[in-house]
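Student: Kindly return the folded structure for what I paste below:
(one chain, ligands or ions: 1)
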Amino acid sequence: MRPILAACFGLLNPPPDLKVWEWAEKYRRLGKDVTAIPGRYSVDATPYQREPQDSFTDPEVQVTVMQWASRLGKTETMNNLEGFTIDVNPRGILVVYPTLDSAKKWSKEFFVPMVKATPRLQGKIKESRARDANNTILSKQFPGGKISAIGANSPSGFRQIQAPVVICDEIDAMDNGAEGDPIALAFKRADNYRDSVQVLSSTPTVKGASRIESWMDKSDKRHWFCPCPECGEFQVLNWSQVEIPEGKPEEARIKCQHCEARLDDEQRVTMVRAGEWRATAPFAGVRGYWLNGLNTLFPAKKGFRNKLHQMAAEAAEAKASGEAAMQVWTNTFLAESYEPPAEKVEANSLLERCEVYGGDDENAPLLPRYVLALVASVDVQGDRLECYVEGYGLKDECWAIEYRRIIGDPTRDEVWAQLDTLLETAYAHPCGGVLKIGRVCIDSGFKTDRVFDFVRRRQPRVVAIKGASARGALPFQVSPKPNKQGCRLYLLGTDTLKDLIFSRLRLAEPGPRYLHWPKGFGFDDKYFDQLTSEQRRAEMRDGFPRYVWFLPPGKRNEGLDLKVYSVAAWEIYKYHMRPNMEKLAAEMEARAAEPREGGEQEKKSAPAKEYQLKPHVEPKPEQEKPKPRAFVPRRKGGFVGGWK
Ligand SMILES: [Zn+2]
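Tutor: Below is the predicted model of the structure:
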């Protein structure tokens, strides 16, 4: 075939210095099903796509990061890289999506249509056929290499593949697997190649848990600077510049940051077309491109006067639809991570709502009338034991009773003897009789052997616990067999318990799950500072943000730890107590028809017909055996212990 004719059919070898976007302009055809602008690929249609594609193959750049809004064409730029590699510089390509399903979807909806629409690629990649191991939905061979797509959720998938070109898309929806960060695993596959190409792309998710945002932070943070058509000053378009007259999204305008001219959609398009990428941080191997939806050059949907009209209408709709919609809009249009509303509970407001109950003697607190059961928690410190006692009524309504310190070296017996005395306290109940502490959780993280020694002879009333926030969503799990010190260890889902505690702290009205504190009895401002010391931070799990608690530097959290252990003690105890509780409360309700006195101090004089609380009978260890909760890591779903 003569060269000219061959060139007409696009069969000549491309020149070796061809750039990715040049290859795409020359050879790619876009079907209607993959893009808003079908036909030949033209980088001029979306000029912000040009430089990132140069960055892919730039020998100075190790990693190219794209934190873009949806529908700006970032998948097209990566498709171009794949097509270019197959055609011009054939070698292994690894494409990573969050899951196997999303990898398949990419193959069916983006990659295969590109091959079909691009004559240059058609001859090199065959259609996938059954029983052809070299050519499946997720793996396709071509002369000189192979393109493989995997889901980040199957770490074994990483081991098979060596590839100098690694493309990770939707990285914010990826989980840390058992083998660690999927991005690190993917990049390892390219370790042995000097001229590797590494691309990361995603819309962001939640502040503090966004992979793309943390990679963007390592980059030179390039933004698309556009010149104002009125004053010529360059600026990065952001949403705070958009002015929307009340109820008239069609009249939305963008206010220039410099001359304050009100720019319409046509002017917006003009300035975006004239834009350029400018770095806003020093370059150290990672090049980052950040782009929000205000820069789109794709046409407006039907029913809108122009794109700015559509943006204004969609923003209003997201705002009206609530927090979830606002997060989607923030992530996919603004290309910004979302920060959920603050969860902070103020220590002061809790101190102020302390009630008068417990009587006059700080050393012998009286119980409030509605308390039906008592639990306690113990934390071991270097020079003391900290103890916290609380009571529960129906529906998890909770009254703090006392907070005490037993000062002394916890390696000495007398300290533990004092603890024994405290745990044996018989608390006077206003309905007559006494209540004793039914369950005690002791943290075994410190002076472990002493704790187990104390616990062993007092099980199951006293149990050893260990915080295990990463263990999944259960409030607690118990080891099926005793350890070598003879103790069954309870692992607490501390993040789950803290979520529960903070949701209860925010309840304002006494009733189910409400937390009461007495004035005094150890509950001072320091205690409430500790109780509210921790903050929530989002992390991604299963593609969704999950909140974990952390202690800001310089803060103390013993008060919160004790509360976590005592809530766990109640969760453990109420499993055995619930039948008693219902009966007890029903009897009391029938008897005490008088209205509740809120947080007022209970009358010391008992009513005429005195109700005698039966001393609590401990369930014997044998009774517990038929229903052991197995130690099942990461189990999800319902919980048999009456978890609410
Ligand atoms: Zn201007």
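
Student: use CA for all of it now, contacts and neighbours both
Tutor: Noted.

Student: Report how many residues lie close to residue 308.
Tutor: Residues lying near residue 308 (other Cα atoms under 10 Å) number 26.

Student: what do you get for residue 141?
Tutor: The criterion is other Cα under 10 Å. On that basis, residue 141 has 18 neighbouring residues.

Student: where's it, which helix or strand?
Tutor: Following DSSP states H and E, the helix or strand that holds residue 141 is strand 139-142.

Student: which secondary structure elements does that strand contact?
Tutor: Where contact means 3 or more Cα pairs under 8 Å, 6 or more residues apart in numbering; DSSP states H and E, strand 139-142 is packed against strand 145-151.

Student: Toward the C-terminus, what is the element adjacent to the strand it packs on?
Tutor: On the C-terminal side of strand 145-151, the nearest following helix or strand under DSSP H and E is helix 156-159.

Student: got the contact list for that next one?
Tutor: 150, 151, 185, 186, 189 (Cα atoms under 8 Å, 6 or more residues apart in numbering).

Student: Also stretch 183-196?
Tutor: Stretch 183-196 is contacted from outside by 59, 62, 94, 96, 158-159, 161-166, 168, 171, 198, using Cα under 8 Å, 6+ apart.

Student: ok, now with 10 Å
Tutor: The contact list for stretch 183-196, computed with Cα atoms under 10 Å, 6 or more residues apart in numbering, reads 56-63, 92-96, 150, 152, 155, 157-168, 171, 174-177, 179, 182, 197-200, 211.

Student: ok, now stretch 51-63?
Tutor: Applying Cα under 10 Å, 6+ apart, the contact partners of stretch 51-63 are 19-22, 43, 64-66, 74, 77-78, 80-81, 165-167, 187, 194-200, 215, 219, 222, 276-277, 283-289.

Student: just to revisit the earlier point, nearest to residue 326 among the contacts of helix 156-159?
Tutor: For these, the closest approach to residue 326 (Cα to Cα) belongs to residue 151, at 28.1 Å.

Student: Enumerate the beta-bridge partners assigned to that closest one.
Tutor: Partner residues in beta bridges with residue 151: residue 97, with DSSP bridges as the criterion.

Student: That one and residue 173 touch, don't they?
Tutor: No. Taking contact to mean Cα atoms under 10 Å, the distance of 11.0 Å between residue 151 and residue 173 leaves them out of contact.

Student: Common neighbours of those two, please.
Tutor: With contacts taken as Cα under 10 Å, 6+ apart, residue 151 and residue 173 have 97, 98, 99 as neighbours in common.

Student: wait, what's in contact with the spatially closest residue to the last one that is not a sequence neighbour?
Tutor: Which is residue 99. Here the nearest residue to residue 99 in space, its sequence neighbours aside, is residue 151; by Cα to Cα, 6 or more residues apart in numbering that works out to 3.9 Å. Taking Cα under 10 Å, 6+ apart as the contact definition, residue 151 lies against 95-104, 138, 157-158, 168, 174, 182.

Student: Tell me the one among those nearest to the ion.
Tutor: Distance to the ion across the contacts of residue 151 (Cα to the ion) is lowest for residue 168, with 37.9 Å.

Student: Name the SS class of the closest one, please.
Tutor: In terms of secondary structure, residue 168 is strand; the call rests on DSSP: H, G, I helix; E, B strand; the rest coil.

Student: That one reaches residue 211, doesn't it?
Tutor: No. With contact defined as Cα under 10 Å, residue 168 does not reach residue 211; the gap is 11.4 Å.

Student: can you list residues touching both of these two?
Tutor: 174, 183, 200, 201, 202.

Student: Right, and the ion sits closest to which residue of the stretch 351-500 of the chain?
Tutor: When Cα to the ion is the measure, the stretch 351-500 of the chain has its nearest residue to the ion at residue 499, with 48.2 Å between them.

Student: How about residue 226: what's its closest non-neighbour residue?
Tutor: Take residue 226 and drop its neighbours on the chain: the residue closest to it by Cα to Cα, 6+ apart is residue 275, 4.0 Å away.

Student: where does the stretch 451-600 of the chain have low pLDDT?
Tutor: Across the stretch 451-600 of the chain, the stretches falling below the confidence threshold (pLDDT under 70) are 469-473, 538-547, 588-600.

Student: so where do the strands sit in it?
Tutor: 462-467, 476-478, 489-492, 515-516, 535-541, 544-550 (DSSP state E, counting those that start in this stretch).

Student: Present these as a markdown table; the columns should include distance to residue 363.
Tutor: What follows is these, written out as a markdown table (distance: least, Cα to Cα, whole Å):
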| stretch | distance to residue 363 |
| --- | --- |
| strand 462-467 | 22 |
| strand 476-478 | 32 |
| strand 489-492 | 31 |
| strand 515-516 | 19 |
| strand 535-541 | 33 |
| strand 544-550 | 34 |
